[in-house]
Each structure stands twice: as C-alpha cells, then as structure tokens.
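Undergrad: Pasting a predicted model and its sequence here:
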Amino acid sequence: MRGIRMLLGAAASCVALSIAPAASAETLADALIAAYQNSNLMEQNRALLRATDEDVAVALSALRPVISFVAQSSYANVRSYRSLGFGAATKDNDESLTSSIGLTAEMTLYDFGRNALALEAAKETVLATREALVDLEQNVLLGAVQAYVDVRLAEDIVALRQSNNRLVGQELQASQDRFDVGEVTRTDVALAEAGLAEARAGLSQAQGDLTIAREAYKASTGVYPVNLAPLPPAPATARSLEAARAVALRTHPDIRQAQRNVTIAELNVARGKAAMRPSLTGSLSLSLNEAGNETSRAGVSLSQTLYAGGQLSATYRRALALRDAQRASLQQAGLVVAQNVGVAWSNVAVASSSITAGDERVRASRTAFDGVREEATLGARTTLDVLDAEQELLDAQFSLVSAQASRHVGTYQVLFTMGLLTVDHLRLGIPTYDAAAYYNAVKNAPATSPQGKKLDRILKSIGGN
C-alpha cells in the first residue's frame with residue numbers, strides 16, 4: 001500500500017513539475033503582448049484605417065478651390081486660292097503660331113451642404129473603422145489566451161498520460177509476478193498488456209495534441225511556447241450578469257461601430273436630398289499669350305440637374321433603405337452582444353461547477369483506485385478491476401484540468417463579450433497603436449514636403465511600413 005501511494009505521489013509530482021514556474025517562464029501577459037505586437041491582421045487593419053483617414057482629406061479637398069496650370073501652343077496653316085481671271089489663280093499660305101499660359105481656379109461656393117455632409121460621413125467612417133480595429137484587437141488577444149491555455153492543458157494531459165503509462169506498466173509487472181507464482185491466469189497478464197498498449201496510444205495522441213497546440217500558439221503569438229508559466233488568477237469581470245450586459249451595451253465595439261454606421265447612413269440620406277438642389281460655382285482665370293497680352297476673367301455659374309433618368313431619386317431612396325437597414329443592424333447588434341454575454345457568463349458558471357465536482361471525483365477515484373489495487377494484491381479483485389479503477393481516476397483528472405482550462409478561457413470570453421478585452425483594460429504596460437496620430441496629421445489634407453516627412457515619422461513611430 002505504501003508503494004502504491006509513493007507511485008501516485010510521484011505521478012502527482014510529475015503533473016506539478018509540468019506547471020512549476022521557472023526563472024525564464026513565459027507568462028500569459030507575455031503571450032498577449034507578443035500576439036498584439038506580431039499580429040499581421042492588426043497591421044493590415046491599421047493600414048486600412050490609415051486609408052480611411054485619407055478619405056477625410058479627400059472629402060475636405062472638395063470644399064477647397066481647384067487650381068490648375070495650363071500651357072498651350074497651336075500652329076495653323078491656311079491655304080487659300082485667289083482667282084486672277086482668265087482661268088488663272090494664285091495660292092496664298094497663311095501660317096500662324098499662338099501660345100499662351102494661364103492659371104485657373106474653380107471652387108464650389110454653395111451646394112446646400114453636399115460636400116460638407118460628405119466630409120462628416122468620412123469622419124464617421126473613420127470612427128467606425130477604429131471600432132472595427134478594437135474588435136479585431138479583442139479577437140487577437142482572445143486567440144492568444146486560448147492558445148496559451150491549450151498549450152498548458154496539452155502539457156498537463158501529456159504529464160497525466162505519462163503517469164498513466166507508469167502506473168499501467170507497474171500493474172503489468174505486478175500481474176506478471178503473480179502469474180509466475182500461480183496467483184493469476186494468463187488472462188490477467190494479457191489484460192494488463194492491453195491496458196499498457198492503450199495507455200501508450202493515449203500518450204502518443206496527447207503528444208500529438210501538444211504539437212498541434214504549439215503550432216496554434218506560434219500562429220497566434222509569432223513564437224513557439226517555451227516553459228509556459230502557470231495560469232495567473234483570472235481577471236475581474238462584473239459583479240453580476242446584468243452588470244456585465246450593461247457594460248457591454250455601452251462599450252462593445254460592435255455596438256459602437258453599428259451606431260457610427262447609423263450616423264453615416266443618416267448623413268447619406270441628407271446628401272441624397274441635397275444632390276437634387278443646385279450648385280453655385282465660382283471661377284477665376286489669368287492667361288498670357290505670346291504677344292504679351294494678359295487676360296483675366298472671373299465668373300460664377302449656377303447649375304442644377306433637371307432630369308437624370310431617375311438617378312437622383314433612386315439614389316435618395318437607396319439611402320433611405322440603407323439607413324433603415326443600419327438601424328435594424330444596430331438593434332440586432334445589441335441583441336447579439338447581450339446574448340453572447342449571457343452565454344459566456346453561463347459557460348464560466350458551468351466550468352466552476354465542473355471544477356467543484358471534478359475535485360470531489362478525483363479524490364473519490366483516487367481512494368477507490370487505492371482500495372481496488374490493495375484488494376487485488378489480496379486476491380479479492382482482478383486485474384481488470386484495477387485497470388478500470390485506474391482509467392476512472394485518469395478520466396476524472398482529465399475532466400478536472402479541462403474544466404479549469406475552460407473556466408480560465410471563459411473568464412476572458414466574458415471580458416471579450418463586454419468589449420473590455422484590450423491591451424489598455426488588461427494593463428499590459430506596452431505602447432499601443434495611436435489611431436488618432438495619423439488622422440490628425442492628414443485630416444487637413446496636407447500636400448507634400450514638410451507634411452509628407454512628418455507623416456513618414458508618424459508611420460515609423462506607430463509601426464507602419
């Protein structure tokens with residue numbers, strides 16, 4: 001009995017050693033930081049956000065004059081025939097070369113707010129795209145949590161499988177010894193051999209699962225895991241399900257993005273209505289020809305489309321329909337977010353209950369295994385009874401570590417559904433991408449030269465290529 005307990009203690013020590021921290025252990029925070037800094041998806045969507053920032057500059061340019069430089073030159077050769085009478089004629093060639101240079105400027109003076117509305121819509125699109133970037137950040141960090149926990153779980157299962165192999169091997173040796181002295185039959189030995197073969201197959205599967213988990217970790221963080229530290233205490237979420245839902249409906253990026261999209265749709269409705277109204281345009285021009293004559297002109301023009309085949313009306317109706325669609329999308333986003341919070345909260349509660357039950361199951365299974373194996377040494381139990389008891393203990397341990405992993409991931413899933421799974425909220429202590437830096441540099445539609453160099457410095461500082 002003492003030997004059995006020592007063997008079980010050694011198995012427990014193997015599991016404990018697999019989760020013991022070392023001086024160079026990688027923590028979950030390290031994994032989250034690596035995922036944030038190495039994510040190609042994050043880099044891709046940051047570039048898309050910068051492209052959306054430029055749409056604001058494009059929209060602003062419509063409120064400014066368009067200045068053009070024009071230089072032109074033309075050559076003309078006019079041949080004419082003049083009659084001299086009595087059937088005679090003469091040919092005259094008149095050649096001319098005219099050249100001129102000039103500047104022209106045009107600007108929309110009044111268009112019932114079409115260009116101003118387009119500018120506001122572009123600004124709202126930037127804000128909506130920022131929310132999409134926050135949502136992607138959440139997905140990247142949640143993927144890192146899942147990858148970290150999966151590797152830790154796979155390592156624990158490998159350790160349990162290794163312990164299982166040693167225990168079953170010990171049972172095979174015991175069965176062989178009892179068979180040699182005639183206490184059991186060859187059937188008992190065969191059962192122990194089959195159990196060892198199954199344990200070895202289980203270990204191979206667990207090692208394969210660990211390899212797969214390591215690959216997923218690298219895909220998520222950019223590096224392979226090396227000596228992962230134990231899971232830290234789960235972060236705080238909310239006091240109750242209703243409190244979590246209230247936070248989610250205020251802060252979740254999906255809802256904020258949907259709200260921005262509604263605003264954009266409403267602005268587009270106003271733009272569609274303004275498109276049916278006239279535009280007042282002013283123009284200035286200055287030209288100089290080859291003779292040194294200067295010509296300057298100034299003018300205004302009022303124009304309005306009277307009939308465009310129904311295009312303007314269709315565009316307006318389309319804007320109305322899209323506005324209604326975005327409003328419905330906002331309502332649906334609220335329902336989905338609230339549902340996701342409830343599901344995540346329930347998963348954590350289920351995992352917590354499973355952990356409590358799992359602890360009891362592991363203790364009871366270990367006691368039963370100890371008893372069955374001791375009885376087997378006295379001839380009151382068969383080898384099959386011992387193998388069954390050992391498998392029950394192994395299953396109980398599997399269920400416990402799986403429930404612990406599920407609860408940890410579930411806690412971060414709750415934060416995710418609340419819209420709080422971000423670098424800032426987790427206080428990872430690293431510089432984050434400043435979405436406003438590039439926007440502030442381009443929102444006034446700068447040209448090149450000093451502004452261009454400034455933008456290059458900003459791109460480098462925020463990690464852009």
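TA: Cool, the structure landed. Since we're looking at a predicted model, the values are computed, not measured.

Undergrad: nearest spatial neighbour of Ser61, skipping sequence neighbours?
TA: Using Cβ to Cβ, 6 or more residues apart in numbering and skipping the chain neighbours, the partner closest in space to Ser61 is Ala445 (5.2 Å). To be clear about C-beta, it is placed using only N, CA and C from the backbone, and glycine gets the same treatment.

Undergrad: no wait, Gly272
TA: Using Cβ to Cβ, 6+ apart, the closest residue to Gly272 is Tyr316 (3.7 Å).

Undergrad: From what I see, that neighbour and Lys273 are in contact.
TA: Yes. Using Cβ atoms under 8 Å, Tyr316 is in contact with Lys273, at 6.2 Å.

Undergrad: quick one: strands adjacent to the longest strand along the chain?
TA: Scanning the chain for the strand with the most residues, using DSSP state E, yields strand 88-110. Partner strands for strand 88-110, per DSSP bridges, with pairing direction: strand 66-85 (antiparallel), strand 279-289 (antiparallel).

Undergrad: if I've got this straight, Val223 is in a strand?
TA: No. Assessed with DSSP: H, G, I helix; E, B strand; the rest coil, Val223 is coil; it does not lie in a strand.

Undergrad: Backbone dihedrals for it, both of them.
TA: Main-chain torsions, Val223, degrees, to the nearest 10: phi -140, psi 160.

Undergrad: now swap in the one 10 residues further on and tell me
TA: Its backbone dihedrals place Pro233 at phi -60, psi 140, with angles given as degrees, to the nearest 10.

Undergrad: and it, what pLDDT?
TA: On pLDDT, Pro233 comes in at 92.

Undergrad: which ones are touching Thr305?
TA: For Thr305, the contact set (Cβ atoms under 8 Å, 6 or more residues apart in numbering) comprises 276, 312.

Undergrad: how about 10 Å then?
TA: Applying Cβ atoms under 10 Å, 6 or more residues apart in numbering to Thr305 gives the contacts 275-279, 311-312.

Undergrad: where does the stretch 101-250 of the chain dip in pLDDT?
TA: Along the stretch 101-250 of the chain, no part satisfies pLDDT under 70.

Undergrad: what about 90?
TA: Filtered on pLDDT under 90, the stretch 101-250 of the chain yields the residue ranges 161, 163-196, 198-199.

Undergrad: can you give me the helices for it?
TA: Secondary structure of the stretch 101-250 of the chain by DSSP state H, counting those that start in this stretch: the helices cover 114-180, 186-221, 241-251.

Undergrad: Would you mind finding the most buried of those?
TA: Among the helices of the stretch 101-250 of the chain, helix 114-180 has the highest mean neighbour count (mean count of other Cβ atoms under 10 Å), at a mean of 20.

Undergrad: tell me what the helix or strand where Glu390 lies is packed against?
TA: Element membership for Glu390 (DSSP states H and E) is helix 383-418. Where contact means 3 or more Cβ pairs under 10 Å, 6 or more residues apart in numbering; DSSP states H and E, helix 383-418 is packed against helix 2-18, helix 28-38, helix 114-180, helix 186-221, helix 241-251, helix 311-377, helix 423-426.

Undergrad: ok, 6 Å please
TA: Other elements packing on helix 383-418 under the criterion 3 or more Cβ pairs under 6 Å, 6 or more residues apart in numbering; DSSP states H and E are helix 114-180, helix 186-221, helix 241-251, helix 311-377.

Undergrad: Make CSV out of these and add distance to Glu43.
TA: Shown next, in CSV, are the helices and strands packed on helix 383-418 (distance: least, Cβ to Cβ, whole Å):
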stretch, distance to Glu43
helix 114-180, 11
helix 186-221, 15
helix 241-251, 25
helix 311-377, 26
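
Undergrad: For Leu286, which of those is the nearest?
TA: helix 114-180 (25.4 Å; Cβ to Cβ).

Undergrad: Show me what that closest one is packed up against.
TA: So helix 114-180, by 3+ Cβ pairs under 6 Å, 6+ apart, packs with helix 2-18, helix 28-38, helix 40-61, helix 186-221, helix 253-274, helix 383-418.

Undergrad: Output those as a markdown table; include the columns distance to Leu320.
TA: What follows is these, written out as a markdown table (distance: least, Cβ to Cβ, whole Å):
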| stretch | distance to Leu320 |
| --- | --- |
| helix 2-18 | 62 |
| helix 28-38 | 41 |
| helix 40-61 | 22 |
| helix 186-221 | 43 |
| helix 253-274 | 6 |
| helix 383-418 | 33 |
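
Undergrad: how about those, which one is nearest Ser285?
TA: helix 40-61 (20.2 Å).

Undergrad: Name the residues that touch that closest one?
TA: By Cβ atoms under 6 Å, 6 or more residues apart in numbering, the surrounding residues in contact with helix 40-61 are 118-119, 122-123, 125-126, 129, 133, 136, 140, 433, 438-439, 442-443, 445.

Undergrad: ok, now which ones touch Asn261?
TA: 128, 326.

Undergrad: typo on my end, it should be Phe179
TA: Val189.

Undergrad: Please report how far it lies from Leu196.
TA: Using Cβ to Cβ, to the nearest Å, one gets 15 Å for the distance from Phe179 to Leu196.

Undergrad: What sits closest to the spatially most central residue of the chain if chain neighbours are left out?
TA: The residue lying closest to the centre of the chain (Cα atoms, centre = their mean) is Leu136, at 2.4 Å. With sequence-adjacent residues excluded and distances taken as Cβ to Cβ, 6+ apart, Leu136 is closest to Asn45, at 5.4 Å.

Undergrad: Can you read off the pLDDT for the one you found?
TA: What the model reports for Asn45 is a pLDDT of 95.

Undergrad: Could you double-check that Asn268 sits in contact with Arg318?
TA: No. At 8.9 Å, Asn268 does not count as touching Arg318 under the criterion of Cβ atoms under 6 Å.

Undergrad: So which of the two has more stuff around it?
TA: Between Asn268 and Arg318, Asn268 has the larger neighbour count (other Cβ atoms under 10 Å), namely 21 against 13.

Undergrad: Return the residues in contact with that one.
TA: Contact analysis of Asn268 by Cβ under 6 Å, 6+ apart lists Ala319.

Undergrad: and it, how far is that from Arg114?
TA: 11 Å.

Undergrad: now do Glu124
TA: For Glu124 relative to Arg114 (Cβ to Cβ), the value is 16 Å.

Undergrad: for Asn347, same thing?
TA: Taken as Cβ to Cβ, the span from Asn347 to Arg114 is 50 Å.
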